[in-house]
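S.K.: Dropping the sequence and predicted coords here.
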Amino acid sequence: MDYIYLNDLYEKEEEYLGKKIKLKGWIRNHRKQKDFGFIYFSDGTVFKQLQLVYDNTLKNFDEIQKLRISSAIEVEGELIKSVGQGQDYELKVSDLKLHGDCSEDYPIQPKKHSMEFLREQSYLRLRTNTFQAVFRIRSVASMAIHQFFQDRGYIYAHTPIFTSSDCEGAGEMFQVTTQKLEEIAKTGKTDNSKEYFGRPVGLTVSGQFEGEAFAQAFSKIYTFGPTFRADPSHTPLHIAEFWQIEPEVAFCDLEGIMDISEDLMKFVIKYTLERCPSEFEFLNKYVEEGLIDKLNTVINSKFVRATYKECIDILKKAKIKFQFKPEYGEDLAKEHERYITEYFKSPVFITYWPQKVKKCFYMKQMDDGTVANADLEMPGIGETYGMSQREDDFDKLERRIDELGMNKDEYIWYMNLRKYGTTVHSGFGMGFERLIMYMTGMSNIRDVSAFPRTPGNCLY
């Protein structure tokens, strides 16, 4: 008899009803009575668990009664209709064998643990219901990203992890070296002639530049991979290693890229809601009440588009006192972002920021001192991701690089894209973890990244 997985079982329940089956997995809970017991069993292939029922007719009944939570087992039995509440089917056990015992000091017990405690047990928290739901949703949402772009004829571009250009220009790159650290400590500097790449190199903060090169050859492309920021922030929204979705589209202006990003957001949410009903029901009950309604509202809404100036005007007229006074030419605080989404009762694209506020040199410069960019603000979480029309004028791009005191030699190839058949083109970078936070109701980015990399923390 072959072993089956629970996902197969729950897809073909009626086919297996009344038949003997074999399963392998883990004990998630164990209720013991004098002459019988109930085991809540999972193999991780679906969110739902299966109740195993055993009694004292089994020859190893006493050994089974001693089995602890998270022990790995294999079990054989008949799938029957359940007479109890909470499940439609259960397995009447005829044979159960232990694969891997779990010691008494196992820290994750069937009770409510704080998120802080579970972060200290990142390698084990994946076994809890909350994180089973979160990371199954993350997996399905990842597939949705690819489905969206592939169905629309985009090329999936793999951009480099090692790079010599700091795309954002914020000086937050992790530096990479092959030289011995003790030698660097003696001199206080690296010797480029001894470097593997012959020049200073870091881990990528974005695949945008290489994506633009792809777009000028394939028209519409996307990247989806890890990016890195040596940001010392300890906020619930920042980690050092995260995944980004970054499409770049030729012959596309700011309005066009906002259309694409809105369609993508709605598609991913709808796709994942349809495929993970049990996971969302759990999170709706235990993590964020009203989560499912919130997500359906996003799917059915038309995202508002408002300029930066319009938003500042709204904030200045607000009849509440902000901790940080809104001012023209200043960035928006979280409280401002929250007010704007509540004001419009919708996700909001805030467009055409002053160049001195949004300093990315590659954004299309407008005659009024603004840049053709937008930040998407989502209710409850604020800024989710940003986008812009890229500067396609070589001279303007060069002047901007000079104004910011950047090393022009590092960006000459990027500038040259404007000389060799350039187009109006646009793109955005969506932080995947922030999207998953919004979709799951989790309030800390450390809880949607399996092994989060944060300042002072890289245990695994």
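M.R.: Sure thing, it's come through.
S.K.: For this structure, which residues score under the pLDDT cut-off?
M.R.: Residues of the chain meeting the criterion pLDDT under 70: 167-171.
S.K.: Out of all residues in it, which is the farthest from the middle?
M.R.: Thr57 (48.5 Å; C-alpha atoms, centre = their mean).
S.K.: gap between that one and Lys92?
M.R.: To Lys92, Thr57 is 11 Å away according to C-beta to C-beta, to the nearest Å. Yep, even glycine has a C-beta here, placed from its N, CA and C like the rest.
S.K.: Tally up the residues packed near Thr423, please.
M.R.: Counted with other C-beta atoms under 10 Å, the burial measure for Thr423 works out to 16 neighbours.
S.K.: show me the residues around it that make contact.
M.R.: Neighbouring residues of Thr423 by C-beta atoms under 8 Å, 6 or more residues apart in numbering: 216, 250-251, 392.
S.K.: so it sits in a helix?
M.R.: No. The secondary structure assignment for Thr423 gives coil rather than a helix, going by DSSP: H, G, I helix; E, B strand; the rest coil.
S.K.: if we can go back for a sec, can you classify the residue farthest from the centre of the chain by secondary structure?
M.R.: The three-state label for Thr57, taken from three-state DSSP, comes out as coil.
S.K.: what's the answer for Ile27, then?
M.R.: Secondary structure state of Ile27, per three-state DSSP, is strand.
S.K.: what's the spacing between it and Pro107?
M.R.: Distance of Ile27 to Pro107, computed by C-beta to C-beta: 16 Å.
S.K.: coming back round to it: could you pull up the contacting residues of the residue farthest from the centre of the chain?
M.R.: With contact taken as C-beta under 8 Å, 6+ apart, Thr57 is in contact with no other residue.
S.K.: can you map out the strands along the stretch 351-460 of the chain?
M.R.: Taking DSSP state E, counting those that start in this stretch as the criterion, the stretch 351-460 of the chain contains strands spanning 373-378, 382-389, 425-431.
S.K.: Dump those strands into JSON lines; add mean neighbour count as well.
M.R.: Below are the strands of the stretch 351-460 of the chain laid out as JSON lines (neighbours: other C-beta atoms under 10 Å):
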{"stretch": "strand 373-378", "mean neighbour count": "24"}
{"stretch": "strand 382-389", "mean neighbour count": "21"}
{"stretch": "strand 425-431", "mean neighbour count": "25"}
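S.K.: Make a markdown table from the ones you listed and add distance to Asp367 to it.
M.R.: What follows is the strands of the stretch 351-460 of the chain, written out as a markdown table (distance: least, C-beta to C-beta, whole Å):
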| stretch | distance to Asp367 |
| --- | --- |
| strand 373-378 | 15 |
| strand 382-389 | 14 |
| strand 425-431 | 18 |
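S.K.: so which of those strands gets nearest Gln244?
M.R.: Of all those, strand 425-431 sits nearest to Gln244, with 5.1 Å by C-beta to C-beta.
S.K.: Neighbouring strands - and their directions - for the closest one?
M.R.: Based on DSSP bridges, the pairing partners of strand 425-431 within the sheet are strand 241-250 (antiparallel), strand 382-389 (antiparallel).
S.K.: tell me the angle the shortest one makes with strand 373-378.
M.R.: What that stands for is strand 382-389. 160 degrees (axes from the mean of the first three to the mean of the last three C-alpha atoms, to 10 degrees).
S.K.: Offset the numbering so it begins at 32, please.
M.R.: Okay, residue one is now 32; in that scheme the one you just asked about reads as strand 413-420.
S.K.: How many residues are close by the nearest residue to Glu429 once chain neighbours are set aside?
M.R.: Setting aside the residues directly before and after it, Glu429 is nearest to Met446 in space (C-beta to C-beta, 6 or more residues apart in numbering), at 6.3 Å. For Met446, the tally of surrounding residues (other C-beta under 10 Å) stands at 15.
S.K.: Also Gly233?
M.R.: 19.
S.K.: Is it located within a strand, as I assumed?
M.R.: Yes. Membership of Gly233 in a strand is supported by three-state DSSP.
S.K.: Please name the nearest non-neighbouring residue to Glu361.
M.R.: Take Glu361 and drop its neighbours on the chain: the residue closest to it by C-beta to C-beta, 6+ apart is Val388, 6.9 Å away.
S.K.: hang on, the earlier thing: pipe the strands paired with strand 456-462 into CSV and attach distance to Gly452 per row.
M.R.: Rendered in CSV, the data for the strands paired with strand 456-462 read as follows (distance: least, C-beta to C-beta, whole Å):
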stretch, distance to Gly452
strand 272-281, 10
strand 413-420, 17
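S.K.: Among those, which comes closest to Glu213?
M.R.: With C-beta to C-beta as the measure, strand 272-281 is the member of the strands paired with strand 456-462 nearest Glu213 (26.3 Å).
S.K.: Would you mark the buried spots in stretch 46-54?
M.R.: Neighbour counts over stretch 46-54 (16 or more other C-beta atoms under 10 Å) mark 47, 52, 54 as buried.
S.K.: chain center to it: distance?
M.R.: If you compare the mean C-alpha spot of stretch 46-54 with that of the full chain, they lie 37 Å apart, counting by C-alpha atoms, centre = their mean, to the nearest Å.
S.K.: what do you get for stretch 216-235?
M.R.: 32 Å.
S.K.: In PDB, list the C-alpha atoms belonging to that stretch.
M.R.: What follows is stretch 216-235 as a C-alpha-only set of coordinates in PDB (Å, rounded to 0.1, in the frame of the first residue of the first chain):
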ATOM      1  CA  ALA A 216      41.800  46.100   9.600                       C
ATOM      2  CA  LYS A 217      45.500  46.800   9.400                       C
ATOM      3  CA  THR A 218      45.300  49.300   6.600                       C
ATOM      4  CA  GLY A 219      41.800  50.600   7.100                       C
ATOM      5  CA  LYS A 220      40.900  50.100   3.400                       C
ATOM      6  CA  THR A 221      40.600  47.500   0.700                       C
ATOM      7  CA  ASP A 222      42.900  47.000  -2.300                       C
ATOM      8  CA  ASN A 223      40.700  46.900  -5.400                       C
ATOM      9  CA  SER A 224      43.500  45.100  -7.400                       C
ATOM     10  CA  LYS A 225      43.100  42.200  -5.000                       C
ATOM     11  CA  GLU A 226      39.300  42.100  -5.200                       C
ATOM     12  CA  TYR A 227      37.700  39.200  -7.000                       C
ATOM     13  CA  PHE A 228      35.800  41.600  -9.300                       C
ATOM     14  CA  GLY A 229      38.500  44.100  -9.400                       C
ATOM     15  CA  ARG A 230      36.300  46.800  -7.900                       C
ATOM     16  CA  PRO A 231      34.100  47.500  -4.900                       C
ATOM     17  CA  VAL A 232      31.000  45.300  -5.100                       C
ATOM     18  CA  GLY A 233      27.900  44.900  -2.900                       C
ATOM     19  CA  LEU A 234      24.700  42.900  -2.600                       C
ATOM     20  CA  THR A 235      21.900  44.300  -4.800                       C
END
